[in-house]
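[1] Okay, sequence plus prediction incoming.
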Amino acid sequence: MSVQDNANEKCVCLVIKGGRLTGRTLAIAMRMYLAANKRVTTAPPKRGKQTLKELSADGSTRENFQIGTEYIRSFERIAKKHEVDYAIVRDSCEKEQKHLVYFKSKDAKDMDAAFREFSAKQLCKSATKPTLRETLSQMMQKAREQKAEQTKEQNREREAVL
């Protein structure tokens, strides 16, 4: 046998403690070994949201960016869609509620597509839908105008009576 043949063969060392070794005993022991070996399979790598430790476990490079609390859910949906691995960590040095998103992907195209979609979605949202404060201030302004019109009408009625 050559060295190459030795490298291609697989050997199993099986120890059986018993009084008599029969073919049946050997078959049962081999079945038990194979059943135990089948259960101990490696799990596939985790995808999607992870802890920072899990994200950096394989040693690949990761990048990060800062995100506001209100945009986390929309980012998670898009990252899941494009199979981007990410970890969200709270930024403790900021007074506002900001988070750092560390991410990596198996393909740079996936990351680019995910961030293009995320930024387009956020720009579209901010352009079309006014914030709650803006809506509230507009409503307050309308209420002031209506109040001013009502007082003018009341003054006109009083002047007409006199």
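    Looks like it came in fine.
[2] And the nearest residue to residue 85 once chain neighbours are set aside, how far from residue 90?
    Once flanking residues are discounted, residue 85 sits nearest to residue 104: 5.2 Å by C-beta to C-beta, 6 or more residues apart in numbering. From N, CA and C alone the C-beta is placed, and that goes for glycine too. Distance of residue 104 to residue 90, computed by C-beta to C-beta, to the nearest Å: 20 Å.
[3] neighbour-wise, which of the two wins?
    Neighbours were counted for residue 104 and for residue 90 using other C-beta atoms under 10 Å; residue 104 has more, 17 against 10.
[4] okay, the more buried one: pLDDT?
    Note for residue 104: predicted pLDDT of 78.
[5] who's in contact with it?
    The contact partners of residue 104, by C-beta atoms under 8 Å, 6 or more residues apart in numbering, come to 55, 60, 61, 62, 63, 84, 85, 86.
[6] Let me see the ranges of the helices in the protein.
    Under the criterion DSSP state H, helices of the chain are mapped to 3-8, 23-39, 52-55, 72-81, 108-128, 132-161.
[7] who wins for proximity to residue 96 among those?
    Checking those against residue 96 by C-beta to C-beta gives helix 72-81 as the closest, at 13.7 Å.
[8] quick one: the closest one to helix 108-128, angle?
    150 degrees (axes from the mean of the first three to the mean of the last three C-alpha atoms, to 10 degrees).
[9] helices or strands up against helix 72-81?
    Helices and strands touching helix 72-81, by 3 or more C-beta pairs under 8 Å, 6 or more residues apart in numbering; DSSP states H and E, are strand 85-90, strand 98-104, helix 108-128.
[10] Next, format these as a markdown table and append distance to residue 157.
    Formatted as a markdown table, the helices and strands packed on helix 72-81 follow (distance: least, C-beta to C-beta, whole Å):
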| stretch | distance to residue 157 |
| --- | --- |
| strand 85-90 | 60 |
| strand 98-104 | 55 |
| helix 108-128 | 43 |
